[in-house]
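A.B. asks: turn this into a structure:
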Amino acid sequence: MVRPLVSEDRLQSLEELEIESLRAEFIEQVMDLRKKVLQRMPVKKVLGHSMDGKTWAGMLVNYVEQINTGRVPNIESSWQNIC
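C.D. replies: Purely as a prediction, here's the structure:
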């Protein structure tokens, strides 16, 4: 994927920027990745539960939230929250 911005300084505050200020190529690539994950990811079975792209994305959000609050992500507890 291309960098979302050319300016290194602006990369430091990426979460504060509007999506329109990002490079068009980056936005296109992100949307393509999102489409692949949410629509084309084959369903998997994990501990007897179905896991599709939407479920996988939810688990990823859970991991990021744990990391951002200083906790260590735990696969089992994250999976239980999603289920």
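
A.B. asks: and the residue sitting furthest away from the middle of the chain, its phi and psi?
C.D. replies: No residue in the chain sits farther from the centre than residue 48, which is 23.6 Å out by Cα atoms, centre = their mean. Backbone geometry at residue 48, expressed as degrees, to the nearest 10, gives phi 80, psi 0.

A.B. asks: what residues are up against it?
C.D. replies: Listed by Cβ atoms under 8 Å, 6 or more residues apart in numbering, the contact set of residue 48 is empty. For glycine as for every other residue, the C-beta is placed from the backbone atoms N, C-alpha and C.

A.B. asks: for this protein, longest helix please?
C.D. replies: Secondary structure assigned by DSSP state H gives helix 53-68 as the longest helix of the chain.

A.B. asks: mean confidence for that one?
C.D. replies: Averaging pLDDT along helix 53-68 yields 86.

A.B. asks: stretch 28-45 now?
C.D. replies: pLDDT averaged over stretch 28-45 gives 89.

A.B. asks: residues of it that come out buried?
C.D. replies: Neighbour counts over stretch 28-45 (16 or more other Cβ atoms under 10 Å) mark no residue as buried.

A.B. asks: now what about it, what contacts it?
C.D. replies: 1, 2, 50, 51, 52, 53, 54, 56, 57.

A.B. asks: could you measure from the first one over to residue 53?
C.D. replies: It stands for residue 1. Distance, residue 1 to residue 53, using Cβ to Cβ, to the nearest Å: 18 Å.

A.B. asks: the two: which has the busier surroundings?
C.D. replies: residue 53 (17 against 10; other Cβ atoms under 10 Å).
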